[in-house]
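Trainee: predicted coordinates and the sequence they were generated for:
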Amino acid sequence: MSAITPSSHYVLVDEPGLLLAQCRCCGEIELYFKTVTMALNLADLYALIRRLDSLTTASRYVVGLLDVRDTLVRAGFQAIGLHLTEGEREQLARGLNLACLRLDLDLLTRGRLSSN
């Protein structure tokens, strides 16, 4: 999933079926997972992580994404749900947490480390 050019975005997570990248100019985080594409700010990213972590164990999940966004107008849609299996929920949660760790590391080092 490499539809993002490296010059315009900082790739946080790139694995099969999941891509998280941060825009270099505005800091917005773009999430591409399954058939869902979302633009998130940091508060939205943390809210989505909390939402996934709060789910009880089940074989299938429906995550209401409006629970993550603060208003209907800002979200730009009326209703959407993400249907996940346990494995997909774990993959998404792991990828979101990895993205947060990379953002934290970048803040700690203030960009002084090379990307490899």
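Mentor: Arrived safely, thanks for sending.
Trainee: burial count for residue 98?
Mentor: When counting by other C-beta atoms under 10 Å, one arrives at 15 neighbours for residue 98. The way it works is simple: take the backbone N, C-alpha and C, and place the C-beta from them, glycine included.
Trainee: ok, now the one 4 residues further on?
Mentor: Here the count is done by other C-beta under 10 Å, and residue 102 has 16 residues near it.
Trainee: what's the nearest residue to residue 36 if we skip its chain neighbours?
Mentor: residue 82 (5.9 Å; C-beta to C-beta, 6 or more residues apart in numbering).
Trainee: gap between that neighbour and residue 28?
Mentor: From residue 82 across to residue 28, the span is 19 Å (C-beta to C-beta, to the nearest Å).
Trainee: and these two? Which one has more around it.
Mentor: Using other C-beta under 10 Å, the more surrounded residue of residue 82 and residue 28 is residue 82, with 21 against 14.
Trainee: pretty sure that one contacts residue 38?
Mentor: No. At 9.4 Å, residue 82 does not count as touching residue 38 under the criterion of C-beta atoms under 8 Å.
Trainee: re earlier: so the residue nearest to residue 36 is in which element?
Mentor: strand 81-85 (DSSP states H and E).
Trainee: neighbouring strands - and their directions - for that strand?
Mentor: strand 60-64 (antiparallel) (DSSP bridges).
Trainee: any idea of the mean pLDDT for stretch 89-99?
Mentor: Stretch 89-99 shows a mean pLDDT of 93.
Trainee: so which residues of this structure form helices?
Mentor: 42-53, 72-75, 86-109 (DSSP state H).
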